[in-house]
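Engineer: After the sequence you'll find the predicted model.
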Amino acid sequence: MSAVTPDQLHDDHHHHGPTGLMRWITTTNHKDIGTMYLIFSFIMFLSGGVMALTIRAELFQPGMQVVQPEFFNQLTTMHGLVMVFGAIMPAFVGFANWMLPLMIGASDMAFARMNNWSFWLLPVAAILLIGSFFVPGGATAAGWTLYAPLSVQMGMGMDLTIFAVHIMGISSIMGAINIVVTILNMRAPGMTMMKMPLFCWTWLITAYLLIAVMPVLAGAVTMILTDRHFGTAFFNAAGGGDPVLYQHVFWFFGHPEVYIMILPAFGIVSQIIPTFARKPLFGYASMVYATASIAILSFVVWAHHMFTTGMPAATQLFFMYATMLIAVPTGVKVFNWVATMWRGSMTFETPMLWATGFIFVFTMGGFTGLICAIAPIDIQVQDTYYVVAHFHYVLVAGSLFALFAGAYYWLPKWTGHMYSETIGKLHFWCSIIFFNITFFPMHFLGLAGMPRRIPDYALQFADFNALASIGAFGFGLSQLIFIVAVVKCVRGGKKAPASPWEGAEGLEWTVPSPAPHHTFETPPVVK
Amino acid sequence: MSVLARFAVTTLSAVPAAGAWAAQSSVNLQTPVTAVAAEIYDMHTLMMIICLVIFVAVFGVMFWSVFHHRKSKGAVAAHFHENTMVEIAWTVVPVLILLGMAYPATKTVIAMKDTSNPDITIKATGYQWKWGYDYIKGEGEGIKFVSNLSTPQEQIQGRAAKGEHYLLEVDNPVVVPVGKKIRMLLTANDVIHAWWVPALGVKQDAIPGFIRDTWFRADKEGVFRGNCAELCGKDHGFMPIEVHVLSAEKYAAWVADQQGKMAATAEDPTKEWALAELVAKGEQVFAANCAACHQADGKGMPPAFPPLDGAAIVQGDKAEQIKVVMQGRDGTAMAAFGKQLSDTDIAAVITYTRNAWSNQTGEAIQPAEIAAAHN
Ligand code: HEM
Ligand SMILES: [Cu+2]
């Protein structure tokens, strides 16, 4: 153990630092920082949710009723940015902070002060992002993909968004470096790489993806910035540039980005299924290899987002084949989870419900992904509600459901109390039912020809849109149940033992619940 | 279409309920009217069937396990956690299935890209927020027009009942003959748009500064509707596409009619117009091209879309205003109308803005001045 964190230097007298607000601002403790990440991401999740519900209110009926078209476009854009960069990504970093040191038997993250800084950059970025609604011209309305030249046309809200993206990018890169170094250097004696819990593996690979692609995104938005203000013409044909160049650069970031948002979810689910099946994970090694191959393949499929830009046939074919190939390792994961459940001795506490729901509904998103991979079909459904359905199946039913699964799974460890199973199960059933009511009809809408990102639509789409809007409000309200579950659990409830789950394995269950402020000050020995 | 796909399609339509359900286009791809669209339709059906079979197999196993391998039913956990043969099988079999899918898809990709030997070539230009069409080769060569949404604002704002083709109707539709290969050239004037008509199986981005192409050959007469499919700003949802496919005779008649109209309205560029004439014409041009942003009352929607009513530039030196209207303003939604509108239209609309609302310059700008400004 070469890395020494400041906390280790005085290990006898705990809880000596500042108290109150200053404790949170100056903390270098991975658990405190993890908690702040999780709270921050949930607040962003609710803000993005309010935007989504405003969108669905406008789309409830044909005709313009609630908002004007420009504001509608601002809402769809900010909904995407807030959910991706504010909710999903920071939530996974929160899990990494809390759980990675506990899982590998480290006393903290490798760079404790940088960890504090990675977090505190985020509220700054969030203020820029949300604040951009209030500047002249409002927030950027160019879509979360910020395609040029539309993004070059936008008002100063776009500049605020560019800076917010830069700041969030720096935060992500620092977080990722911290995770890589922690995992590679701070494992307890005996914890070899191939003995690590799968969550650690998926995060290690995700962290490399982050380090590889966040700078690419920063480059893309910086080029927009200079095109906007400093007379460059990267994306302007009149100056020798090319608007499609932006899309190549963006999606070179963007496709790995979608795996950044799902690989840690695979990790969480791979922890939960074996616990509640009371059976070891099937195909641990192949899970690791599948994760690595997904990550590598994710760098060579980006142009499947660009089939309608008019690429040469050979290019289209290459990206089509490469994309189809990703379905293979993704399939292997699903098969492994099902094989883990097979002949297990299962119980369905809330985390397991979410994890099982995840496999079922995420896989539907995998299938529609495969259908989108077929270039001729994709040319029909590209930029329609079909794609909206696809990515909400993988991001909401995928990433978000896995986050909830993980939250219920580790809440007893975090708070020292058991959450209420009744409330947790209610949350799950409401979410999965309303989720499907909201997003399933979108497949039909897309196939039948409804474009995405439009504030008003033709009459034949009215029924499914009304249904989707009703579902969306149900889904939004269901998330308030989660607040109740967490608040009750923090306040009290049955005392949680060190290992509340019968089948759970791993170092995190060897420390008391709630996990004390400092854990593994002397590293455990793994046999 | 592959034999497999044909088989799949027949099987599906053998189930009458499923067949009827699929024919109604509110849950499936629209009824195809070109060979490419039909291939896409069948390929999608085939994919759906394969995915459904896999889905049922995988989740059959999972739910069997969920219901039977429960602790509450006395299930005792087994301890296996590896099986090389099974793992190889479920890697290799999917690869084979994917190869089966890739084969028809590859053929269609190549067919879609083959824009050679067209009968008619039409250039479509995306503008914020309308389409311009130029028939550049083949029967109808020389015809050009602009195509705007024709759904009235009252319907959109809910002050009037919505018509049957709400938001999918235009003033000047694209007209093509049935059974002929139409090559579409796509470009744009400002930002990226996309020209999409689902029943024709065509979607192609229109990229400013570049020309991309695609093609279709409609097998059936009729009216086919689509939308702009790439977010292009405020009125992205309001720039539909309407294609009328006519028989050869009707198409010839349409061409003759259009050419006649164009000759009749061809304006004498040297004509001196009276102020009132220009203002009247300009008001129409304004409504069709400018009001979306600057608003009919000239108040605009600041700050993105500045007001013209009382604007210094509209009341000041006319040369400056002519320049802005003709060349646009870089980095904003203000387009370069010099390339879109005739000199007369530009002269009229500038005259109108300089004599509307509180702007009362009394100046008439003549087409000849615009012609001069081109150089
Ligand atoms: C089997 C695996 C998958 C395949 C084959 C696949 C394929 C595709 C394809 C071809 C598109 C482009 C559709 C279009 O724009 O026309 C797409 C869009 C998208 N996918 Fe996937 N996908 C898969 C899994 C995932 C996962 C796991 C995520 C994230 C958790 C994801 C997130 C997205 C997002 C966010 C978009 C839309 C981005 C946008 O246009 O705004 N996909 N996917
Ligand atoms: Cu992708």
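Structural biologist: Great, that's in hand. Ligands and ions are numbered 1, 2, ... in the order given.
Engineer: List the contacts of the nearest residue to residue A:416 once chain neighbours are set aside.
Structural biologist: Distances taken as CB to CB, 6 or more residues apart in numbering or on different chains place residue A:514 nearest to residue A:416, at 3.4 Å, with adjacent residues excluded. C-betas here are computed from N, CA, C, even on glycine. Going by CB atoms under 8 Å, 6 or more residues apart in numbering or on different chains, residue A:514 touches A:413, A:414, A:415, A:416, A:496.
Engineer: Can you tell me the SS state at the closest residue in space to the second one that isn't next to it in sequence?
Structural biologist: What that stands for is residue A:414. Closest residue in space to residue A:414, ignoring its immediate chain neighbours: residue A:514 at 6.2 Å, by CB to CB, 6+ apart. At residue A:514 the chain is in coil, as set by DSSP: H, G, I helix; E, B strand; the rest coil.
Engineer: Identify the residues contacting residue B:296.
Structural biologist: Here residue B:296 is in contact with B:286, B:287 (CB under 8 Å, 6+ apart).
Engineer: now do residue B:87
Structural biologist: Residues near residue B:87 by CB under 8 Å, 6+ apart: A:283, A:286, A:332.
Engineer: and it, that one's in a helix?
Structural biologist: Yes. According to three-state DSSP, the state of residue B:87 is that of a helix.
Engineer: Quick one: low-confidence residue ranges for chain A.
Structural biologist: Filtered on pLDDT under 70, chain A yields the residue ranges A:1-16.
Engineer: Just give me the neighbour total for residue 348.
Structural biologist: Picking chain A for this. 18 (other CB atoms under 10 Å in any protein chain shown).
Engineer: Wait, chain B was what I had in mind.
Structural biologist: Around residue B:348 there are 28 residues (other CB under 10 Å).
Engineer: Show me what the helix or strand it falls within is packed against.
Structural biologist: Using DSSP states H and E, residue B:348 sits in helix B:343-353. Helix B:343-353 is packed against helix B:275-289, helix B:318-327, helix B:367-374, with contacts defined by 3 or more CB pairs under 8 Å, 6 or more residues apart in numbering or on different chains; DSSP states H and E.
Engineer: Need the phi and psi values for the nearest residue to residue A:136 once chain neighbours are set aside.
Structural biologist: What sits nearest to residue A:136 in space, not counting adjacent residues and going by CB to CB, 6+ apart, is residue B:303, at 4.5 Å. Dihedral pair for residue B:303: phi -90, psi -10, per degrees, to the nearest 10.
Engineer: Mind telling me which residue of the stretch 251-400 of chain A is nearest chain B?
Structural biologist: Residue nearest to chain B within the stretch 251-400 of chain A (CB to the nearest CB): residue A:310, separated by 3.5 Å.
Engineer: For the stretch 251-375 of chain B, which residue gets nearest to ligand 1?
Structural biologist: Distances between the stretch 251-375 of chain B and ligand 1 by CB to the nearest ligand atom are smallest at residue B:333, namely 22.6 Å.
Engineer: Show me the helices in the stretch 201-350 of chain A, by range?
Structural biologist: In the stretch 201-350 of chain A, the helices defined using DSSP state H, counting those that start in this stretch lie at A:243-260, A:263-277, A:284-297, A:313-341, A:350-373.
Engineer: Also chain B?
Structural biologist: B:3-14, B:16-23, B:35-68, B:84-113, B:153-156, B:248-265, B:275-289, B:291-294, B:312-315, B:318-327, B:343-353, B:367-374 (DSSP state H).
Engineer: Please indicate which of those has the most neighbours on average?
Structural biologist: Neighbour counts (mean count of other CB atoms under 10 Å in any protein chain shown) averaged over each of those peak at helix B:343-353, with a mean of 25.
Engineer: separation between the residue of the stretch 351-500 of chain A found nearest ligand 1 and residue A:330?
Structural biologist: Nearest residue of the stretch 351-500 of chain A to ligand 1: residue A:369, at 2.6 Å (CB to the nearest ligand atom). Going from residue A:369 to residue A:330 by CB to CB, to the nearest Å gives 8 Å.
Engineer: What of residue A:309?
Structural biologist: Distance, residue A:309 to residue A:330, by CB to CB: 25 Å.
Engineer: And these two? Which one has more around it.
Structural biologist: When residue A:309 and residue A:330 are compared on other CB under 10 Å, the one with more neighbours turns out to be residue A:330, at 25 against 22.
Engineer: Leaving out chain neighbours, which residue sits closest to the more buried one?
Structural biologist: Once flanking residues are discounted, residue A:330 sits nearest to residue A:366: 5.5 Å by CB to CB, 6+ apart.
Engineer: for residue A:313, what are its contacts?
Structural biologist: By CB under 8 Å, 6+ apart, the contact list for residue A:313 reads B:109, B:110, B:113.
Engineer: again, 10 Å this time
Structural biologist: Residues in contact with residue A:313 (CB atoms under 10 Å, 6 or more residues apart in numbering or on different chains) are A:375, B:106, B:109, B:110, B:111, B:112, B:113, B:114.
Engineer: now do residue A:386
Structural biologist: Residues near residue A:386 by CB under 10 Å, 6+ apart: A:368, A:371-372, A:377-378, A:380, A:442-450, A:452, B:29.
Engineer: how about 7 Å then?
Structural biologist: Residue A:386 is in contact with A:443, A:446, A:447, counting by CB atoms under 7 Å, 6 or more residues apart in numbering or on different chains.
Engineer: And residue B:292, by the same measure?
Structural biologist: With contact taken as CB under 7 Å, 6+ apart, residue B:292 is in contact with B:129, B:235.
Engineer: Look up how far residue B:238 lies from it.
Structural biologist: 8 Å.
Engineer: overlap in contacts of these two?
Structural biologist: Common neighbours of residue B:292 and residue B:238, using CB under 7 Å, 6+ apart, are residue B:129.
Engineer: just to revisit the earlier point, in CSV, list the helices and strands packed on helix B:343-353 along with mean pLDDT.
Structural biologist: Formatted as CSV, the helices and strands packed on helix B:343-353 follow (pLDDT from 0 to 100):
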stretch, mean pLDDT
helix B:275-289, 87
helix B:318-327, 89
helix B:367-374, 85
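Engineer: Distance to residue A:205 for the ones you listed - can I get that in CSV?
Structural biologist: Formatted as CSV, those follow (distance: least, CB to CB, whole Å):
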stretch, distance to residue A:205
helix B:275-289, 53
helix B:318-327, 51
helix B:367-374, 59
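Engineer: Out of those helices, the one nearest chain A is which?
Structural biologist: For those, distance to chain A was read as CB to the nearest CB. The smallest value, 11.2 Å, belongs to helix B:318-327.
Engineer: Mind listing residues that contact the closest one?
Structural biologist: Here helix B:318-327 makes contact (CB under 7 Å, 6+ apart) with B:313-314, B:334, B:336-338, B:346, B:350, B:363, B:365, B:369-370, B:373.
Engineer: what's the angle from that helix to helix B:275-289?
Structural biologist: 30 degrees (axes from the mean of the first three to the mean of the last three CA atoms, to 10 degrees).
Engineer: Extract the C-alpha trace of helix B:318-327 and format it as CSV.
Structural biologist: Output of helix B:318-327 as CSV, limited to C-alpha atoms (Å, rounded to 0.1, in the frame of the first residue of the first chain):
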residue,chain,number,x,y,z
LYS,B,318,-31.7,51.4,-47.5
ALA,B,319,-28.4,50.1,-48.8
GLU,B,320,-27.6,48.5,-45.4
GLN,B,321,-31.0,46.8,-45.2
ILE,B,322,-30.7,45.5,-48.8
LYS,B,323,-27.4,44.0,-47.9
VAL,B,324,-28.8,42.3,-44.8
VAL,B,325,-31.8,40.9,-46.6
MET,B,326,-29.8,39.6,-49.5
GLN,B,327,-26.8,38.3,-47.6
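Engineer: quick one, what contacts the most centrally placed residue in chain A?
Structural biologist: The centroid of chain A falls nearest to residue A:88 when counting by CA atoms, centre = their mean (3.1 Å). With contacts defined as CB under 7 Å, 6+ apart, the neighbours of residue A:88 are A:261, A:395, A:399, A:400.
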